[in-house]
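>>> When you get a sec, could you give me coordinates for this:
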Amino acid sequence: MQLSDHFDSREFEKDGPIPTDCLDVGKQFCTLVLEPIRAYIGEPMQVTSGYRPLAANATAHGVSNSEHIWTPQHCAADWFFAPRPGFNPRSVFDWIRNSPSIPFHQVILEHSAIGSSIIHISYNLDKIGVRQALEGATHNASPYTSWEVATFIPQTGGQENA
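Alright, predicted model coming up:
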């Protein structure tokens, strides 16, 4: 199922099918959060983790209240893209956390032991305007460092609650 112009539900179903009652929040997530990031990067994003059933979340060392365990109120995804001059994980993470119009709940820049990085981003209808930016190791291997974020400014037209 197409969730937005550039994202299909299959990209988020590596660990199992997204529950039907979570598709609406997934559509909002893709449209309001991921599409603006993809437009900024100017190329596809490779989703490494999206929806996770409880067992898959535990295997991934996810926290028990992970937004990867999609509900009708929240969802999350981990992703990466091919870095190039001016666009690397750090610069994109900084752009996201300083973007007042993207209704993310949490953005995390995670570094692996082999030097690669992914970005985790979540969307939560119960926490629109509550934003957090963190940096740390993948699989929650070390404590995260907090970063400042721009205050969320909703776009006119009420699309953030579409």
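>>> Could you tell me which residues make contact with the residue nearest to Gln73 when sequence neighbours are not counted?
Among residues not flanking Gln73 along the chain, Leu125 sits closest, at 4.8 Å (C-beta to C-beta, 6 or more residues apart in numbering). C-beta coordinates here come from the backbone N, C-alpha and C atoms, glycine included. By C-beta atoms under 8 Å, 6 or more residues apart in numbering, Leu125 lies in contact with Val25, Gln28, Gln73, His74, Asn161.
>>> next one: Cys30
Listed by C-beta under 8 Å, 6+ apart, the contact set of Cys30 reads Leu3, Ser4, His6, Phe7.
>>> Compare the contacts of Leu125 and tell me which has the most neighbours.
Greatest neighbour count in those, by other C-beta atoms under 10 Å, goes to His74: 22 neighbours.
>>> returning to what we had before: strands - which of the contacts of Leu125 land there?
Those of the contacts of Leu125 mapping onto strands are His74, per DSSP state E.
>>> now for the biggest helix by length in the chain, which elements pack on it?
Ordering each helix of the chain by length in residues (DSSP state H) puts helix 89-97 first. Other helices and strands packing on helix 89-97, by 3 or more C-beta pairs under 8 Å, 6 or more residues apart in numbering; DSSP states H and E, are helix 35-41, strand 106-111, strand 117-124, strand 132-137.
>>> how about low-confidence regions in the protein?
139-141, 157-162 (pLDDT under 70).
>>> The residue nearest to Trp95 when sequence neighbours are not counted: neighbouring residues, count only.
Distances taken as C-beta to C-beta, 6+ apart put Tyr40 closest to Trp95, at 6.1 Å, once the chain neighbours are dropped. When neighbours are defined as other C-beta under 10 Å, Tyr40 has 14 of them.
>>> Appreciated, that's everything.
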